[in-house]
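**Q** Give the three-dimensional model of this entry:
(2 chains, ligands or ions: 2)
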Amino acid sequence: MIKKVYDGHIDYLQIMDENGEIDSEQMPPYLDDGKISEMYRWMSLTRAADTKAISLQRQGRAVTYGPSAGEEATQVGSAMALSPKDILVPNFRQHGSYFVRGLSLYDYFLYWKGYEDGMTAVKKINATPYIVPVATQLLHAVGLAFAQKYKNTGANVLTYVGDGGTSEGNFYEALNFAGVMKLPVVFVIENNQWAISTPRNRQSAATTLAQKAMAAGIAGVQVDGNDPLAVYKATRDALVNLKSAPTLIECVTYRMSFHTTSDDPTKYRQDAEVEEWSKKDPIKRVRAYLERRKLWNDSKQAEMDDQQSKLINDSVDKAEKFRPDPKSIFEHLYSFMPQILKEEEDAALGANFWQQGGQT
Amino acid sequence: MMLNMNTAINNALDTVMREDKNAIILGEDVGKDGGVFRVTDGLLAKYGSDRVIDTPLSEAGIIGTAIGMALGGLHPIAEIQFAGFMYLAFDQLVSHAARYRSRSRSTWTVPMVVRTPVSGGVKTLEHHAESPEVYYAHSGGLLIVEPSNPYDAKGLMIKAMHMEDPVLFLEPTKLYRLFRQEVPDGAYEVPIGKANTLRHGNNLTIITYGTMVPIVTSVVEKKGIDAEIIDLRTINPLDEKSILDSAEKTGRVVIVHEAPVSFGVGAEIAARVAEKAMFKLNAPIIRVASPSIPYPFPSYEQFYLPNAIKISQAIDEAMSS
Ligand SMILES: Cc1ncc(C[n+]2csc(CCOP(=O)(O)OP(=O)(O)O)c2C)c(N)n1
Ligand SMILES: [Mg+2]
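**A** Ligands and ions are numbered 1, 2, ... in the order given. Now for the predicted structure:
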């Protein structure tokens, strides 16, 4: 005997195309012009902060930085669908998600100037700190979701992984746990087509990354990751559906910039590809929509740009006044100070080199 | 040729790829990109994509697959992009690469090299600056080398590829481009398991390796003391004989490494010197190392790393008894 025991397919959702035209059949009522304007502002702020962070790094005033340019719709659209008690669990590139959540520009710049002190504020906004090891935090999202379910808080968890990160064992383990335990967690794949120099087709032979949901028995969908409306709707639907199953959302987007400020993409990708994708820029398309609706014009743009750049510059100034407390690297390791660690700290503080700012 | 450590390793890889058809390079971004530090630059063009493989992003995948390749008669050279991400392959390294030989009574062996950048001092994000050598040394089965100069780097890589064992090849990022040195064109070996006495002396032995070697050397030169400097080069197996011979001769031992002090390589050396040469010592053994905390964020690293001042103070302390 032979019979079909499983059949599956993956839907692709786009609501706003690259020219800012709306597919009215897919347009949900809650995505009104107010919401779309809000998306536009958050995406623009994210792009402006990103540009500033890169320029600070170039001047030696910030550390290695991974830009989010091009991926704002994925980050902002998904984070905007959360309610305040939901928990955000980013990886290392989700700057826009943090901003929507309420991370201040000061804390963001402080972090990227090389101070973990910038992550002191994230707990208050129900987010976990930036984490650099790829895909490792996905299981933390799963555990956080378990805790929400167990304590009946009604909160959900949203976490992110890159196209590259879907190759890690942790990714499959997270989907699998979430599926078996039916946990309130939404996984967003921020598929920006590249993992440093490795293209998407070298990560997986699968046609979509969304279909990986099927193997874990959870819901999977692919969306235009440069369309913040589609991302928002898919995330909102996933959050509503969490009672029945966790969801994996693959957002198809593009890394418009380098991997990080240490990377040189000219070694491995064609400019033509970047140009092609820049036509699909998420910010451009939303602006085109707003202008057509007479909700936006050059003077509004100039006003917003001024406001945002003032906010950014003030935050950078404040972050540059920060003075690190060397003791903090010892004092946040345990709930108490072990005697032998105290001795290491005292020895370090007593040594000549502390007085000299620790310079070698 | 005058090469820095980066180009010396590249040249060594080229040498072993040419001499051994079974040598296969695999890792994240090792192909077109030439690795994030460019150590494998040009090798894809030269040896093709069957032998220089950009893998999916998975450390356990890279090491596990390399182990299988080695079992299958190949000699893989796996790259883990940063040592801080190698923990994802920890099981593959300590439970499998290190164990196939003993598990099969030497009938299955795992000849392979795992290269990974280590250590800090270069202002990076979290998990790009660890010095994790001791995790891999603890239970045996993995040879662990860490060159401190271009000449040793090339010779150790070639030697590693001539071994029938898994070799962990640790590359201090800070030293990649720090200085150049004359390196022979052709193939040559630097022995594994043999430390290098960089400087001979009679009053003090300083044992070090990796990023600390150039700092220790310059401190000793500035102070004009009669110190012997031993660059371990191999962490496992430790060259105990060179250490004890020197300790017995000078009667004073200072150990300097970047990895945290607790349960570290320094602890191991100090214990062996105490066990076997204690009565020849004139002064307590001193360790200079990083504190027992995770590697801090970049703007704090100058408060964390051992530096010339701390090393100099330790030398003064040792010399005062
Ligand atoms: C476990 C792990 N391995 C390797 C790295 C080094 N690394 C940082 S980002 C990156 C590529 C990630 O690609 P992807 O998941 O697609 O995310 P993207 O960078 O495109 O946002 C790599 C290899 C890391 N941070 N963590
Ligand atoms: Mg990617």
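**Q** For ligand 1, what's its nearest residue on the stretch 101-250 of chain A.
**A** A:Gly162 (2.2 Å; Cβ to the nearest ligand atom). The C-beta positions use only the backbone N, C-alpha and C, and glycine is treated the same way.
**Q** Counting neighbours, what do you get for that residue?
**A** 29 (other Cβ atoms under 10 Å in any protein chain shown).
**Q** and the longest helix that chain A contains, is it in reach of ligand 1?
**A** In chain A, assigned by DSSP state H, the helix with the most residues is helix A:33-58. No. Using Cβ under 6 Å from any ligand atom, helix A:33-58 stays clear of ligand 1, coming no nearer than 13.0 Å.
**Q** as a whole number, average confidence for that helix?
**A** Average pLDDT, helix A:33-58: 98.
**Q** How about stretch B:223-235?
**A** 98.
**Q** cool, stretch B:114-129 as well?
**A** Mean predicted confidence for stretch B:114-129 is 95.
**Q** First-to-last residue distance for that stretch?
**A** With Cα to Cα, to the nearest Å as the measure, stretch B:114-129 spans 17 Å from end to end.
**Q** gap between the residue in chain B that ligand 2 sits nearest to and chain A?
**A** Closest residue of chain B to ligand 2, Cβ to the ion: B:Leu57 (8.8 Å). Going from B:Leu57 to chain A by Cβ to the nearest Cβ, to the nearest Å gives 4 Å.
**Q** Next to ligand 2, which bits of the stretch 101-250 of chain A? Give me the list.
**A** A:162-164, A:192, A:195 (Cβ under 5 Å from the ion).
**Q** is any part of stretch B:26-39 close to ligand 2?
**A** No. Figure legend: stretch B:26-39 not in contact with ligand 2 (Cβ under 5 Å from the ion); closest approach 12.0 Å.
**Q** and for that stretch, what are the contacting residues?
**A** With Cβ atoms under 8 Å, 6 or more residues apart in numbering or on different chains as the test, stretch B:26-39 has contacts from A:195-198, A:262-263, A:267-268, B:6, B:9-10, B:13, B:40-44, B:49, B:52-55, B:57, B:62, B:65-66, B:69, B:76-81, B:115, B:117, B:171, B:173, B:176.
**Q** any idea of the mean pLDDT in that stretch?
**A** 98.
**Q** before we move on, what about stretch B:13-22?
**A** 98.
**Q** what's in contact with that stretch?
**A** B:23, B:25, B:39-40, B:42-43, B:46-47, B:51, B:73-75, B:77, B:154, B:157-158, B:161, B:186-187.
**Q** starting at the chain centroid, how far to it?
**A** Stretch B:13-22 sits 21 Å away from the centroid of its parent chain (Cα atoms, centre = their mean, to the nearest Å).
**Q** Same check on stretch B:106-113?
**A** On Cα atoms, centre = their mean, the centre of stretch B:106-113 falls 20 Å from the chain's centre.
**Q** Export stretch B:152-160 to CSV, keeping only CA atoms.
**A** Only the C-alpha atoms of stretch B:152-160 are listed here, as CSV (Å, rounded to 0.1, in the frame of the first residue of the first chain):
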residue,chain,number,x,y,z
ASP,B,152,56.1,29.1,13.8
ALA,B,153,52.7,29.5,12.3
LYS,B,154,53.7,28.1,8.9
GLY,B,155,55.8,25.3,10.4
LEU,B,156,53.2,24.3,12.9
MET,B,157,50.5,24.2,10.3
ILE,B,158,52.5,21.9,8.1
LYS,B,159,53.4,19.7,11.0
ALA,B,160,49.8,19.6,12.1
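**Q** follow-up on the earlier one: I'd say the residue of chain B closest to ligand 2 and A:Val161 touch.
**A** No. Checked against Cβ atoms under 8 Å, the pair B:Leu57 and A:Val161 is beyond contact range at 10.2 Å.
**Q** for the residue of the stretch 101-250 of chain A closest to ligand 1, what are its contacts?
**A** A:Gly162 neighbours (Cβ under 8 Å, 6+ apart): A:91, A:93, A:134-135, A:189-192, A:195.
**Q** which of the residues you listed are buried?
**A** A:91, A:93, A:134-135, A:189-192, A:195 (16 or more other Cβ atoms under 10 Å in any protein chain shown).
**Q** picking up where we left off before, pick out whichever of B:Leu57 and A:Val161 has more residues nearby.
**A** A:Val161 (29 against 26).
**Q** Next, give phi and psi for the spatially closest residue to that one that is not a sequence neighbour.
**A** Among residues not flanking A:Val161 along the chain, A:Ala135 sits closest, at 5.1 Å (Cβ to Cβ, 6 or more residues apart in numbering or on different chains). Note on A:Ala135: backbone dihedrals following degrees, to the nearest 10 are phi 70, psi 0.
**Q** what separates the longest helix of chain A from the chain centre, distance-wise?
**A** 13 Å.
**Q** what number of residues lie near A:Asp33?
**A** If we define neighbours as other Cβ under 10 Å, then A:Asp33 has 11 of them.
**Q** What distance do you get for it to A:Ala288?
**A** In this view, A:Asp33 and A:Ala288 are 14 Å apart by Cβ to Cβ, to the nearest Å.
**Q** Ok, B:Phe90 next?
**A** Distance from B:Phe90 to A:Ala288, by Cβ to Cβ: 50 Å.
**Q** Then B:Lys123?
**A** 41 Å.
**Q** For ligand 2, what's its nearest residue on chain A.
**A** A:Gly162 (3.7 Å).
**Q** Measure how buried residue 129 is and give me the count.
**A** This is for chain A. Around A:Pro129 there are 18 residues (other Cβ under 10 Å).
**Q** wrong one, I was asking about chain B
**A** 28.
**Q** Touching, it and B:Pro117? I think so.
**A** No. Assessed by Cβ under 8 Å, B:Ala129 is found out of contact with B:Pro117, at 9.3 Å.
**Q** Between the two, which contacts overlap?
**A** B:Thr173.
**Q** in the chain, which spans are strands?
**A** In the absence of a named chain, chain A is used. A:12-13, A:87-89, A:157-162, A:185-191, A:194-195, A:198-199, A:219-224, A:247-252 (DSSP state E).
**Q** The chain in question should be chain B.
**A** Under DSSP E, chain B gives strands at B:2-4, B:23-27, B:52-54, B:75-79, B:112-118, B:143-145, B:166-172, B:180-182, B:196-199, B:204-208, B:227-231, B:234-236, B:253-260, B:286-290.
**Q** Tell me which of those is the most buried.
**A** strand B:204-208 (a mean of 28; mean count of other Cβ atoms under 10 Å in any protein chain shown).
**Q** Starting from that strand, tell me which strands it pairs with and how they run.
**A** strand B:227-231 (parallel), strand B:253-260 (parallel) (DSSP bridges).
**Q** closest to A:Ala174 out of those?
**A** strand B:253-260 (30.2 Å; Cβ to Cβ).
**Q** What are the neighbouring residues in contact with residue 81?
**A** Picked chain A for this. Contacts of A:Ala81 (Cβ under 8 Å, 6+ apart): A:232, A:235-236, A:239.
**Q** meant chain B, my bad for not saying
**A** B:27-29, B:35-36, B:116-117.
**Q** Mind pulling up the pLDDT for it?
**A** B:Gln81 is given a pLDDT of 98.
**Q** swap in A:Gly350?
**A** Reported pLDDT for A:Gly350: 72.
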